[in-house]
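Chemist: sequence and predicted structure below; questions after.
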Amino acid sequence: MAYAINLLVVFADGGSVFAQSNPQEPPSLPDSLISADQNFIIHYTTDTRDSVSIVDENNNGIPDRIEKIAAAFELSYQTQIQQLGYSHPPSMKNGSAPYHIYVVDLHNQFARTVSSDLDSNVWEQTNVSSFILFDNDFEGPGFHISGDDAIKVTAAHEFFHAIQLGYVFRKKDAFFYEMTAVWMETQVFKQIHNYLYYLDYFFSAPDIPLNGISFTIPNVMKHVYGGCIFGFYIEENFGTAAIRNIWEQMPNKKALEAAAHLFNGHGSTFENEFVNFAKWNYFTGSRALTGYGYSNSEKFPLVSVVKDTIIEYYHEVHSGGYFLTAAYYVFRPVKTASYTIRFSADYSKRWRLGVLAQSSDTITDLTLLAGESKEIGAVQAGQPIVVIPCNVDRYADPEKIFFKETPEPYSFYLQKVRAPDPALVKSFEIQRFYPNPFSKSVTFRLINKIESNIVLNVYNILGQRI
């Protein structure tokens, strides 16, 4: 894991979690630098195991790494506080006091945001002060990015954690802290695509809950970071300020409740948006389509598909999934044909079925409730019908050890619509026949149902053709 937010809960590389019995005190370091706009104090040493490199290319007596850290935090402050309108971290006393950064050896962690006044007996608290520990060299097997880019995105990520703690600390929303902190990296440093590293973990495992918290499954914590894609989805559909809107509600609402409130304010629902989010996540990478989904979807990895198979007449699937997950099934017709789909689930309110049928220039986009059946329409031979069962249950406890529980079952049935027998199809229809009976003239409307020649004969009451 790249970063940590060290509240009572410490997210450590390797997937462990533990509670601090006492608040952590900041380290004592002999040297410091006040940043250019005096919003930060960077504490460091050039001695002991916490030593930073003494490289000083401009010969001003300050190690270059310390100056780069200070500049990265200042730019993060300008973007997050001044441009995007987030509140100051409580430690900054509404901008009248600098925020403290301590550069130390964190081994395989980029940085850690540490609470300085959190009640160890409370798992939900507002207005939490903090300081940041920042690694001194980014050297070791735990670092997937290094150099100046690593300094920049780490500063943006951790300073947003400090801001988040000012709104609320809530253990059960841990996923939202990390996904929005990775999202924030791109707001401050748009040219650095660190988030792509984490998207691999999300797109390769759509069966892990969006808000799932587990520290015993390999890579689940990185999946939480990859959840930044949900932040991108919210931004593209509801604007950059939407993430701030959610954080401003979070002192009184859990993260997903606040997101649902945002969606409701725009005439939608959480359930509808989660299914649409799952649909967007299919058309990425080599599947990306112009005008559909994320604006830079071609950069994203491909979502994992359960099954990609040929279909001719009929296919059924019986499976299951956990809360806030999606599964992807792809079916390719042997011949151009129309299909219908039917969906069922034991817990009907917790499920939706997304369906995407792609043709050369259009996409049929459907969503089914459990118990519904819909016609997909004509699908060209070889073109994909993408079926996406989505569990939209946002009320499940994210601390559940989901992999030990029984998945909630669902079923769907995909069936070809058989063409009707031409002998039984009406070729035309007569309407508005008047007057009836008639003597000299009659008026009627004839509607041609199919392309064909029509022979019209009129007979009298005696059966004579007239």
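Modeler: Looks like it came in fine.

Chemist: assess the claim that Tyr410 and Ile388 are in contact.
Modeler: No. Using CB atoms under 8 Å, Tyr410 is not in contact with Ile388, being 11.1 Å away. Where you see a C-beta, it was placed from the backbone N, CA and C, and this is true even at glycine.

Chemist: list residues touching both of the two?
Modeler: Here Tyr410 and Ile388 have Leu353 as joint contacts, going by CB atoms under 8 Å, 6 or more residues apart in numbering.

Chemist: ok, longest helix in this protein?
Modeler: Longest helix in the chain, counting residues (DSSP state H): helix 147-167.

Chemist: what's downstream of the helix or strand of the chain with the lowest mean pLDDT, the next helix or strand?
Modeler: With mean pLDDT, DSSP states H and E as the measure, the helix or strand of the chain carrying the lowest mean pLDDT is strand 16-19 (a mean of 30). Using DSSP states H and E, the next helix or strand after strand 16-19 towards the C-terminus is strand 31-34.

Chemist: and the next helix-or-strand element following that following strand, what's its mean pLDDT?
Modeler: Downstream of strand 31-34, the next assigned helix or strand under DSSP H and E is strand 40-44. Average pLDDT, strand 40-44: 98.

Chemist: touching strand 40-44 from outside, list them.
Modeler: Against strand 40-44 from outside (CB under 8 Å, 6+ apart): 26-27, 29, 31-35, 50, 52, 63, 66, 69-70, 73-74, 77, 98-103, 136.

Chemist: who does it pair up with?
Modeler: strand 31-34 (antiparallel), strand 99-104 (parallel) (DSSP bridges).

Chemist: strand 99-104 and the next helix or strand after it, what's the angle between them?
Modeler: Downstream of strand 40-44, the first helix or strand assigned by DSSP H and E is helix 64-77. Here helix 64-77 runs at an angle of 150 degrees relative to strand 99-104 (axes from the mean of the first three to the mean of the last three CA atoms, to 10 degrees).

Chemist: just the CA trace of helix 64-77, in PDB.
Modeler: Presented in PDB, the C-alpha positions along helix 64-77 are these (Å, rounded to 0.1, in the frame of the first residue of the first chain):
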ATOM      1  CA  ASP A  64      16.700  19.500  -2.400                       C
ATOM      2  CA  ARG A  65      14.300  16.800  -1.200                       C
ATOM      3  CA  ILE A  66      13.000  19.100   1.600                       C
ATOM      4  CA  GLU A  67      12.500  22.000  -0.800                       C
ATOM      5  CA  LYS A  68      10.600  19.700  -3.200                       C
ATOM      6  CA  ILE A  69       8.400  18.400  -0.400                       C
ATOM      7  CA  ALA A  70       7.600  22.000   0.700                       C
ATOM      8  CA  ALA A  71       6.700  23.000  -2.800                       C
ATOM      9  CA  ALA A  72       4.500  20.000  -3.400                       C
ATOM     10  CA  PHE A  73       2.500  20.700  -0.200                       C
ATOM     11  CA  GLU A  74       2.100  24.300  -1.100                       C
ATOM     12  CA  LEU A  75       0.700  23.400  -4.500                       C
ATOM     13  CA  SER A  76      -1.600  20.900  -2.700                       C
ATOM     14  CA  TYR A  77      -2.800  23.700  -0.400                       C
END
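
Chemist: now do that helix, average pLDDT.
Modeler: In this model, helix 64-77 carries a mean pLDDT of 98.

Chemist: in it, what's buried?
Modeler: 64-77 (16 or more other CB atoms under 10 Å).

Chemist: please apply the same query to stretch 116-134.
Modeler: Residues of stretch 116-134 classed as buried: Ser116, Leu118, Gln125, Val128, Ser129, Ser130, Phe131, Ile132, Leu133, Phe134 (neighbour count, 16+ other CB under 10 Å).

Chemist: can you add secondary structure and pLDDT and give those back as TSV?
Modeler: Below are the buried residues of stretch 116-134 laid out as TSV (DSSP: H, G, I helix; E, B strand; the rest coil; pLDDT from 0 to 100):
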residue	secondary structure	pLDDT
Ser116	coil	85
Leu118	coil	78
Gln125	strand	91
Val128	coil	93
Ser129	coil	93
Ser130	strand	93
Phe131	strand	95
Ile132	strand	96
Leu133	strand	96
Phe134	strand	97
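
Chemist: show me what contacts Glu57?
Modeler: Contacts for Glu57 (CB under 8 Å, 6+ apart) come out as Asp64.

Chemist: distance of it relative to Gln164?
Modeler: Here Glu57 is placed at a distance of 35 Å from Gln164 (CB to CB, to the nearest Å).

Chemist: check His223 too.
Modeler: Note on His223: its distance to Gln164, by CB to CB, is 19 Å.

Chemist: same question for Gln38.
Modeler: Gln38 is 23 Å from Gln164, by CB to CB.

Chemist: more neighbours: the two, which one.
Modeler: Gln164 (28 against 10; other CB atoms under 10 Å).

Chemist: I'd guessed that one sits against Trp247; true?
Modeler: Yes. Counting by CB under 8 Å, Trp247 is a contact partner of Gln164 at 6.7 Å.

Chemist: overlap in contacts, the two.
Modeler: Thr180.

Chemist: how about the strands in the stretch 251-400 of the chain?
Modeler: Applying DSSP state E, counting those that start in this stretch to the stretch 251-400 of the chain gives strands spanning 307-311, 314-321, 325-326, 329-333, 337-345, 351-358, 363-369, 373-379, 385-391.

Chemist: the fifth one pairs with which strands?
Modeler: It refers to strand 337-345. strand 373-379 (antiparallel), strand 408-416 (antiparallel).

Chemist: contacts for the shortest one next, please.
Modeler: The contact list for strand 373-379, computed with CB under 8 Å, 6+ apart, reads 333, 336-343, 355, 357, 359, 364, 366, 368, 385, 417.

Chemist: pull out the buried members of those.
Modeler: The buried subset of the contacts of strand 373-379 - by 16+ other CB under 10 Å - is 333, 337-339, 341-343, 355, 357, 364, 366, 368, 385.

Chemist: low pLDDT regions in this protein?
Modeler: For the chain, the stretches with pLDDT under 70 are 1-23, 120, 213-219, 400-404, 419-428, 430-434, 449-452, 459, 461-464.

Chemist: check it and tell me which residue is nearest its centre.
Modeler: In the chain, the C-alpha closest to the average C-alpha coordinate belongs to Phe230, at a distance of 2.2 Å (CA atoms, centre = their mean).

Chemist: who's in contact with Phe164?
Modeler: Slight slip there: residue 164 is Gln, not Phe. With CB under 8 Å, 6+ apart, Gln164 has these contacts: Ile5, Tyr177, Thr180, Ala181, Trp247.

Chemist: about what we covered before: let me have the strands of the stretch 251-400 of the chain in JSON lines, adding distance to Gly147 as columns.
Modeler: Shown next, in JSON lines, are the strands of the stretch 251-400 of the chain (distance: least, CB to CB, whole Å):
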{"stretch": "strand 307-311", "distance to Gly147": "39"}
{"stretch": "strand 314-321", "distance to Gly147": "40"}
{"stretch": "strand 325-326", "distance to Gly147": "36"}
{"stretch": "strand 329-333", "distance to Gly147": "40"}
{"stretch": "strand 337-345", "distance to Gly147": "49"}
{"stretch": "strand 351-358", "distance to Gly147": "40"}
{"stretch": "strand 363-369", "distance to Gly147": "41"}
{"stretch": "strand 373-379", "distance to Gly147": "49"}
{"stretch": "strand 385-391", "distance to Gly147": "39"}
